[in-house]
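Colleague: fold the following for me, if possible:
(one chain, ligands or ions: 1)
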Amino acid sequence: MVRIAVDLNRCQGYAQCAFLAPEIFAMHGDEALLYDPDADEAPREKLDRAAAACPVQAILVDAVEPDDAEPGAPDVPAEEVSRAR
Ligand code: SF4
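Modeller: Numbers count the residues shown, from 1 in each chain. Just a heads-up that it's a prediction; the model follows:
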């Protein structure tokens, strides 16, 4: 899973991201940016290119490990959890 964050205080609505990764980013009107923060549809390379092309560097693209995606997941391996019971 890839997580995306856009600093909307920085975003100036230049739409470079919407042009390079339209699966994730879209302009709504002249300046409002819509995006999917949990993007799996766009290839990572496209997302990286969109982030690099942002003139104000408002886009952060980050890989998320499966354990990080589930809040409250145990820190110990499953076999250790079953041994503790
Ligand atoms: S490229 Fe950057 S400034 Fe332009 S719409 Fe996307 S996030 Fe905003």
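Colleague: spell out which parts of this structure neighbour the ligand.
Modeller: For the chain, the residues in contact with the ligand (Cβ under 6 Å from any ligand atom) are 6, 11-17, 25, 33, 54, 56, 58-59. (C-beta placed from N, C-alpha, C; glycine too.)
Colleague: what stretches of this protein score poorly on pLDDT?
Modeller: Low-confidence segments of the chain (pLDDT under 70): 41, 63-85.
Colleague: how about the strands in it?
Modeller: For the chain, strands defined by DSSP state E occupy the ranges 2-6, 25-28, 32-35, 38-39, 59-63.
Colleague: right, and residue 11 touches residue 56 too?
Modeller: Yes. With contact defined as Cβ atoms under 8 Å, residue 11 reaches residue 56; the gap is 6.8 Å.
Colleague: and the two? Which one has more around it.
Modeller: residue 11 (19 against 12; other Cβ atoms under 10 Å).
Colleague: show me the contacts for that one.
Modeller: Residue 11 sits next to 33, 54, 56, 58 when contact means Cβ atoms under 8 Å, 6 or more residues apart in numbering.
Colleague: try residue 33
Modeller: 6, 8, 11, 13, 15, 17, 18, 25, 26, 27.
Colleague: just the buried residues of those residues.
Modeller: By neighbour count, with 16 or more other Cβ atoms under 10 Å, the contacts of residue 33 hold 6, 11, 15, 17, 18, 25, 27 as buried.
Colleague: residue contacts, the fifth one?
Modeller: Shown here is residue 18, whose contacts under the criterion Cβ under 8 Å, 6+ apart are 25, 26, 27, 33.
Colleague: next one: stretch 5-15 to chain centre, how far?
Modeller: 14 Å (Cα atoms, centre = their mean, to the nearest Å).
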